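Novice: I would like the atomic coordinates for the input below:
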Amino acid sequence: MYLQTALQQIPEMNTAGIRDVRIQGISHDSRTCREGYLFVAVKGEKTDGACFVEQAANRGAVAVAAEYPVAAAGNIVSFTVPDARKFLADISRIFHQDPASRLKLVAVTGTNGKTTTTYLLDSIFAHAGIRACLGGTIEMKAASKSLQSRHTTPEACDLTQFLHLALTEGCTHGTLEVSSHSLALKRVFGTKFKVGVFMNLTRDHLDFHRDIEDYFGAKRLLFSRENGNDVESAVINDDDPYGKKLEEYFHGDVLRFGFNPDADIRVLDCQTRADGTDLILATPEGEAVFKTGLIGRHNVYNIMAATGAALCLQIDLEKIREGIESMQGVPGRFERVNAGQDFTVIVDYAHTPDALENLLSLVSQLPHKRILTVFGCGGDRDKSKRPIMGSIAVRKSYLSIVTSDNPRSENPLDIIKDIETGMHEGPGIYRIVPDRREAIGQAVTSADKGDIVVIAGKGHEDYQIVGGSRNPFDDRQVARDLIHKHVKNPA
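Specialist: Okay, here's the model as predicted:
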C-alpha cells in the first residue's frame, strides 16, 4: 500500500508536502521494523518512540510518524500527526483492510473474569461449529495457530495484524480481552465489535489510572461512541454498580446478567459440588441447565456473561450449554497441582483484592483442615491494594506466607512491607519469605493431610520479572518439583 493512499483515508490528515512511498508494514517498536515499514513513534510510560527513529531506519523503515518533527536521515519520509496512538490504530486498520469489520468480535472488559469468559466463549464457538480467534492474557489464537501474548490487549498494529491472520485462517468470529490500558491508550480505537461484555469493576490499576472513576472512564470508552468501536449489543453485569452506571452511556441493545431477579439472564438455582457446579439460568431464550466443572460464584458470573454474548450472536442455547460444560478450566485459574500429595494445591492468577477475596472464600467452602496461602504483589503497580490484600489473606488463611510476585524495578522487601501493614489484625498467622521458591517450599512442607495450599498472583505465568530480567518461574511446576523433593511418599 502507498502511504498517500492510506493517509487520504484518515479525515483529519493533511497530506500536503508528504512524499509518497510504498509501505510494506507498520510498527510502533523499532526492534520489529523491517524493510519498507512505517514506524509510528508513540510515547510510552517510560520512553518516547521518537528516540528510536534512527534504529527503525537502520532496520529498513521508509517512513516515520511522530507528534512533533523528528530528525530522519537519508530518504526517510517524516511527518507529524496530532495523536500518534490514534494514528497508529487508524493506519493499521487501513493497511490491513479493517479485519475487525469482517469478523463477529466480542470484547470482554472488567477487572476480573475476562480470561475465563473468553475461554468459555471460545468453547461455545467450537461446539457451534464456528471457526474463531481468541486473544488475551494467556495467548493469541487464530483457529489452530497460537501466538505468545505479551499484553492482555496488544498494541493497535499487532492486534490488527492478528485479526488479519484470523481472517486468513478462515475465522468468522472471535473474542478478545479488552483491558482498561488498551482503551485509554487507544489500542482498540476504531476496532469494530458486535458485542461488548462488562464483567465488573473493582480496585486495580490505580498506578495507571488517577482513581477508580478514571478507571471506570477507560472501561466506559468501549461502550461509548467516541472510541469508534460501534458495539451493537452490550452484555452488562447488573449486580455491579458500575454496570448500572455504564448503561447510561450505551445506545444499543443491552442484556443484563446477574443474581438480580430483574436481570435478563439470572440465576434460578445454583448448587456447588466438590468438582463443579449445577446451575440453572433464566435467559431470553428459555431456561438453561448446566453441569459445569467450574466452581464459585465468580464463575457463575463468567458463565452468565458468556451465555449472554453467545445469545447476542444468535447461537443456539443447546450449543451454548455444550460449550460451557466441556470447558473444564483455564490455565492458572483455580488450577490444581496433583503430585500424589495428601493435601490440595491450587494455583490461581488472583492479583487484586477482589480476586483474592473471591478465591479464598471459594477455597473455604471446600472440605479442608487449614488454608495456607502464598502470595505477593507486583512491583511498579498500584501500591494502595497491597495492605488490602494482606488483610484479606490473614483473615481468610490459617497461615499466610508473603513473598515476591513480579517485583520489577522495586525492592521486593519494600513491596512486602506495604503488604504487611494490613496483616496485623486477623486470626491467621503470617510469615515473610521473600524468595518465592522458598515460600512455596515452606507452604508444601508445612501442609498436613487435608490442608489446602493456595499459591496466588501469577497463575499461568511461566516467568518472574526481577529488575529488568524475565526469569523462568512457573508456580505450578515449582510446586510439583518441591512436593516430589520434600513431601513424603508423593506419587
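Novice: What is the neighbour count of the nearest residue to Gly296 once chain neighbours are set aside?
Specialist: Excluding its sequence neighbours, the residue lying closest to Gly296 (Cβ to Cβ, 6 or more residues apart in numbering) is Leu362, at 4.1 Å. Bear in mind the C-beta positions are built from the backbone N, C-alpha and C, glycine included. Applying other Cβ atoms under 10 Å, we find 19 residues neighbouring Leu362.
Novice: and the next element down the chain from the host helix or strand of Leu362?
Specialist: Using DSSP states H and E, the element containing Leu362 is helix 353-364. Counting by DSSP H and E, the next helix or strand C-terminal to helix 353-364 is strand 371-375.
Novice: I'd like to know which elements that next one is packed against.
Specialist: helix 353-364, helix 385-396, strand 399-402, helix 436-446, strand 452-456 (3 or more Cβ pairs under 8 Å, 6 or more residues apart in numbering; DSSP states H and E).
Novice: hmm, try it at 6 Å
Specialist: Counting contacts by 3 or more Cβ pairs under 6 Å, 6 or more residues apart in numbering; DSSP states H and E, strand 371-375 packs against strand 399-402, helix 436-446, strand 452-456.
Novice: Quick one, which of those gets closest to Arg381.
Specialist: strand 452-456 (14.9 Å; Cβ to Cβ).
Novice: In the sheet, which strands lie alongside the helix or strand bottoming out on mean pLDDT in the chain, parallel or antiparallel?
Specialist: Across the helices and strands of the chain, mean pLDDT, DSSP states H and E gives its lowest value to strand 145-148, namely a mean of 86. When pairing is defined by DSSP bridges, strand 145-148 lines up against strand 139-142 (antiparallel).
Novice: next one: the partner strand to chain centre, how far?
Specialist: Strand 139-142 sits 13 Å away from the centroid of its parent chain (Cα atoms, centre = their mean, to the nearest Å).
Novice: Could you export it as PDB, CA atoms only?
Specialist: Coordinates of the C-alpha atoms in strand 139-142 are reproduced here as PDB (Å, rounded to 0.1, in the frame of the first residue of the first chain):
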ATOM      1  CA  GLU A 139      -2.400 -16.500  24.300                       C
ATOM      2  CA  MET A 140      -3.400 -15.100  20.900                       C
ATOM      3  CA  LYS A 141      -5.000 -17.900  19.000                       C
ATOM      4  CA  ALA A 142      -6.300 -17.800  15.400                       C
END
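Novice: Now do the closest residue to Asp269 other than its chain neighbours against Asn299, distance only.
Specialist: Nearest non-adjacent residue to Asp269, counting by Cβ to Cβ, 6+ apart: Ile280, 4.2 Å away. Plainly put, Ile280 is 15 Å away from Asn299 if you go by Cβ to Cβ, to the nearest Å.
Novice: more neighbours, these two?
Specialist: Neighbour count, other Cβ under 10 Å: between Ile280 and Asn299, Asn299 has more, with 24 against 14.
Novice: Which strand or helix spans that one?
Specialist: Counting by DSSP H and E, Asn299 is part of helix 297-312.
Novice: contact partners of that helix?
Specialist: Contacts of helix 297-312 with the rest of the structure, by Cβ atoms under 6 Å, 6 or more residues apart in numbering, involve 106, 113, 116-117, 120-121, 124, 195, 197, 199, 233, 235, 255, 257, 265, 320, 324, 358.
Novice: Next SSE downstream of it?
Specialist: Where DSSP H and E defines the elements, the next helix or strand beyond helix 297-312 is helix 317-326.
Novice: Helix 297-312 and that next one, what's the angle between them?
Specialist: 150 degrees (axes from the mean of the first three to the mean of the last three Cα atoms, to 10 degrees).
Novice: Packing partners of helix 317-326?
Specialist: Using 3+ Cβ pairs under 6 Å, 6+ apart: helix 317-326 touches helix 114-127, strand 286-292, helix 297-312.
Novice: Distance to Ala16 and mean pLDDT added to the ones you listed, as TSV?
Specialist: Output for these, formatted as TSV (distance: least, Cβ to Cβ, whole Å; pLDDT from 0 to 100):
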stretch	distance to Ala16	mean pLDDT
helix 114-127	43	98
strand 286-292	58	97
helix 297-312	44	97
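Novice: So for Ile76, which of the ones you listed sits nearest?
Specialist: helix 114-127 (39.4 Å).
Novice: got the CA coordinates for the helix or strand just after that closest one in CSV?
Specialist: Downstream of helix 114-127, the first helix or strand assigned by DSSP H and E is strand 132-135. Provided in CSV are the C-alpha atoms of strand 132-135 (Å, rounded to 0.1, in the frame of the first residue of the first chain):
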residue,chain,number,x,y,z
ALA,A,132,-12.9,-18.4,15.8
CYS,A,133,-9.9,-16.4,17.2
LEU,A,134,-9.2,-15.7,20.8
GLY,A,135,-6.9,-13.0,22.3
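Novice: which residues touch strand 132-135?
Specialist: Residues outside strand 132-135 that contact it (Cβ under 6 Å, 6+ apart): Thr118, Asp122, Phe125, Lys141, Ala142, Ala166, Cys171, His173, Gly174, Thr175, Leu176.
Novice: tell me the contacts of the fourth one?
Specialist: Looking back up the chat, that one is Lys141. Listed by Cβ under 6 Å, 6+ apart, the contact set of Lys141 reads Leu134.
Novice: Check the gap between the residue nearest to Asp269 and Gly308 for me.
Specialist: Using Cβ to Cβ, Ile280 is found at 16 Å from Gly308.
Novice: ditto for Arg381
Specialist: 31 Å.
Novice: and these two? which has more neighbours close in?
Specialist: Comparing Arg381 with Gly308 by other Cβ under 10 Å, the one with more neighbours is Gly308, at 29 against 19.
Novice: count of neighbours near Pro261?
Specialist: Count around Pro261 with other Cβ under 10 Å applied: 9.
Novice: Give the helix, strand or coil label for it.
Specialist: coil (DSSP: H, G, I helix; E, B strand; the rest coil).
Novice: one step back: switch the helices and strands packed on helix 317-326 over to a markdown table; also include distance to Tyr68.
Specialist: Listed next are the helices and strands packed on helix 317-326 as a markdown table, based on distance: least, Cβ to Cβ, whole Å:
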| stretch | distance to Tyr68 |
| --- | --- |
| helix 114-127 | 36 |
| strand 286-292 | 54 |
| helix 297-312 | 42 |
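Novice: so which of these comes closest to Ile388?
Specialist: Nearest to Ile388 among the helices and strands packed on helix 317-326 is helix 297-312 (17.6 Å), distances taken as Cβ to Cβ.
Novice: could you give the angle of the closest one to helix 114-127?
Specialist: Using the same axes, to 10 degrees: helix 297-312 against helix 114-127 is 40 degrees.
Novice: Which among the helices and strands packed on strand 371-375 is found nearest to Glu285?
Specialist: Glu285 lies closest to strand 452-456 among the helices and strands packed on strand 371-375, at 36.9 Å (Cβ to Cβ).
Novice: What about Asp418? Give its phi and psi, please.
Specialist: phi -60, psi -40 (degrees, to the nearest 10).
Novice: Which residue, other than its chain neighbours, is closest to it?
Specialist: Nearest non-adjacent residue to Asp418 (Cβ to Cβ, 6+ apart): Arg386, at 3.9 Å.
Novice: and what of Val394?
Specialist: Closest to Val394 by Cβ to Cβ, 6+ apart is Gly426, at 3.5 Å.
Novice: Could you confirm the one you found falls within a strand?
Specialist: No: looking at Gly426 with three-state DSSP, it is coil, so not inside a strand.
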